[in-house]
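>>> Let's see this in three dimensions:
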Amino acid sequence: MSSNTAKEAILVIGASGRIGELIVRSAIDAGYRVVALVRDASRITPLKNLEITVGDPMDPAVILQSVHGVQAVVVALASGRSSDAPWAKSVGPKNLLELTTKHLLAAGASRIVVVSAAGVGDSRAKAPRIINFLAQHTDLSIGFNDHDRADQLLVASNCNYTIIRPTGLTNKVSLNSTLICTVADTVKPQAWISRNQVARFALDALNTTKYDRRTVIISDQN
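Predicted coordinates for the structure are as follows:
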């Protein structure tokens with residue numbers, strides 16, 4: 001995927017979430033046609049060049065229908081929690097990401113960009129201490145384990161994937177540069193990154209081969 005003409009379409013799964021919504025708006029502004037897969041259509045604002053599909057991403061038939069005619073998929077799902085509080089209980093299915101990824105691969109999706117999290121899998125050594133602590137001592141572990149299983153499916157597949165692992169998320173609007181590193185790099189990421197930076201990077205990843213079949217950790221540069 002090298003250009004962003006209006007004829008190109010991307011599927012955004014988790015489009016009504018805070019990062020997903022930013023990805024949708026950024027993609028439309030960049031000239032993409034966007035298919036948004038959501039469970040509740042009332043949670044997403046209708047826009048030009050936006051097709052809203054209502055369905056459960058854990059349903060293979062829904063995924064098969066949703067990927068038809070798109071050139072890439074961006075997954076911005078997160079395991080449900082009762083609130084944003086660190087100790088909030090997990091709600092909803094514990095294998096949401098794993099099953100969604102499994103169905104995407106079975107449906108033949110060839111380009112998938114996933115918003116995962118720093119601290120998942122082998123990125124624990126690079127994650128801020130507070131994230132690792134919460135992942136070990138709260139229900140965040142449920143979501144992290146789900147992300148890990150989903151990420152492993154991608155790595156083991158023939159799919160052209162990019163796994164993005166942001167550090168702690170903030171709602172501030174940031175124009176700062178994004179620090180990008182891997183587990184093997186000596187550079188240490190910062191503790192935080194804004195959701196708009198994550199959305200911007202996810203979209204940028206579609207327009208370069210630099211991150212093909214790679215897992216990257218991202219944070220604010222400062």
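
>>> Next, find the distance separating Gly17 from Ile52.
Distance, Gly17 to Ile52, using Cβ to Cβ, to the nearest Å: 14 Å. In this view, the C-beta of every residue, glycine as well, is placed from N, C-alpha and C.

>>> go on, Leu169?
For Leu169, the distance to Ile52 - Cβ to Cβ - is 25 Å.

>>> and if you look at Ser194?
26 Å.

>>> Next: Thr182.
35 Å.

>>> can you give me the strands in the chain?
For the chain, applying DSSP state E gives strands covering 9-13, 33-38, 50-54, 72-75, 111-115, 160-166, 168-170, 178-181, 192-194, 214-220.

>>> any idea which of the ones you listed is most buried?
strand 72-75 (a mean of 27; mean count of other Cβ atoms under 10 Å).

>>> Can you list the helices and strands that it packs against?
The contact analysis (3 or more Cβ pairs under 8 Å, 6 or more residues apart in numbering; DSSP states H and E) places strand 72-75 against strand 9-13, helix 18-29, helix 96-106, strand 111-115.

>>> just for the protein, where's the confidence low?
Low-confidence segments of the chain, defined by pLDDT under 70: 1-7, 81-88.

>>> Let's check: the centremost residue of it is which one?
Centroid-nearest residue in the chain, with Cα atoms, centre = their mean: Val115, separated by 2.2 Å.

>>> Does that residue touch Ile164 like I think?
Yes - with contact defined as Cβ atoms under 8 Å, Val115 and Ile164 form a contacting pair (5.2 Å).

>>> okay, and the common contacts of the two?
When Cβ atoms under 8 Å, 6 or more residues apart in numbering defines a contact, the residues bordering Val115 and Ile164 alike are 198, 202.

>>> if I look at the residue with the largest distance to the centre of the chain, how far off is Lys126?
In terms of distance from the mean C-alpha position of the chain, Thr186 ranks first, at 24.6 Å (Cα atoms, centre = their mean). Look at Thr186 and Lys126: by Cβ to Cβ, they are 10 Å apart.

>>> what's the answer for Arg39, then?
The gap separating Arg39 from Lys126 is 32 Å, by Cβ to Cβ.

>>> what about those two, which has more around it?
Lys126 (22 against 12; other Cβ atoms under 10 Å).

>>> Give me the nearest residue to that one, chain neighbours excluded.
Ile217 (5.3 Å; Cβ to Cβ, 6 or more residues apart in numbering).

>>> ok, now which ones touch that neighbour?
118, 123, 126-127, 165-167, 180-183, 189.

>>> and the top helix by length along the chain, how far out from the chain's middle?
As assigned by DSSP state H, the longest helix anywhere in the chain is helix 140-156. When distances are taken as Cα atoms, centre = their mean, to the nearest Å, helix 140-156 is centred 12 Å away from the chain's centroid.

>>> do the same with stretch 202-216
Per Cα atoms, centre = their mean, the centroid offset for stretch 202-216 relative to its chain is 12 Å.

>>> Pull out the buried positions in it.
202-206, 211, 215-216 (16 or more other Cβ atoms under 10 Å).
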